[in-house]
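In: coordinates for the following, if possible.
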Amino acid sequence: MAAVRLLTFNIWFAAHEMRSRMEAIGKIIDQKSPDVIALQEMTAEHWQECLQSESFRRYFWSSAPPQRYFTMLGSRLPMKQEPVRHPFKASRMQRDLLMVTVEPPELPPLTFATSHLESLDEHKARRVQIDESLSRLADYQDAVFCGDTNINEAIDGNVKLPGEWKDAWLVLKPDDPGYTFDVERNRMMGASDGWARRNNARLRFDRFWTKMTNYAATEIELLDEPIKEDLWPSDHFGLLLTLQASLDGGVAPESRRLEI
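Out: You can find the predicted model right below:
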């Protein structure tokens, strides 16, 4: 195993067509075969529906907390320990950082974390939560933060990451806006979300940030296919990131040397 595939998906906590949508996310998992999965906006009802599917049951999952909605991490790779949940110091919405270190066979360990940062106009809280998250990950050689950041450049401005951290989408697809919350393309979301319609929302809410020593990011994919006309798996699109293990003590092949 030389590559590790990581999936992040905000599954949308709405009851709308829940069974069909969770089945569709299960099919995406089967098709893309990620090694580690991060899910946001999970609810107890959605999670029970997911667990009806072998697509989800093949993974070892974090425990579900008692909040109305929450994040989940799943892995088919060995875990160094069970996923740990760190509540943010400043969150009115009970948001947290969920993290785990996985141990791919014959490859260096990789620490993987997800969050659903504070929503809408809470840009000051988001900035604090970003700093808190990346600080917790600072001592790991190879770390990935992903999830629904809720970053809206019109409110948050250009969010700068610490020097060793890179935004995978900006490095791998710098000429593609990478909208993961897109009222023009996702007609289901456009029909149900008044805020998105009023603001013509086309935003890159969902992101992968990486701090790499022994891996290099080689590919990132936007998962934006509808189930059928006017029905999508979620109001967000998913993201799939592929990491390739670097060769010769941490240096990737020249054609793949994207140290992100």
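In: please enumerate the strands of this protein.
Out: 3-10, 36-42, 60-61, 70-75, 84-87, 96-102, 110-116, 143-148, 166-167, 181-182, 202-203, 206-211, 215-223, 238-245 (DSSP state E).
In: and Phe54, how far from Ile29?
Out: One correction, residue 54 is Glu, not Phe. The gap separating Glu54 from Ile29 is 10 Å, by C-beta to C-beta, to the nearest Å. All C-beta spots, glycine's among them, are computed from the backbone N, C-alpha and C.
In: also Leu239?
Out: Using C-beta to C-beta, Leu239 is found at 13 Å from Ile29.
In: of these two, which one has the most company?
Out: Leu239 (26 against 22; other C-beta atoms under 10 Å).
In: ok now do the nearest residue to Met72 once chain neighbours are set aside, which residues does it touch?
Out: Among residues not flanking Met72 along the chain, Leu39 sits closest, at 4.5 Å (C-beta to C-beta, 6 or more residues apart in numbering). By C-beta atoms under 8 Å, 6 or more residues apart in numbering, Leu39 lies in contact with 8-11, 71-74, 114.
In: separation between the nearest residue to Ser33 once chain neighbours are set aside and Pro34?
Out: Distance criterion C-beta to C-beta, 6+ apart; nearest residue to Ser33, sequence neighbours excluded, is Arg5 at 6.6 Å. From Arg5 across to Pro34, the span is 5 Å (C-beta to C-beta).
In: the more surrounded of the two?
Out: More crowded of Arg5 and Pro34, by other C-beta under 10 Å: Pro34, with 23 against 16.
In: tell me the pLDDT at the more buried one?
Out: With respect to pLDDT, Pro34 scores 99.
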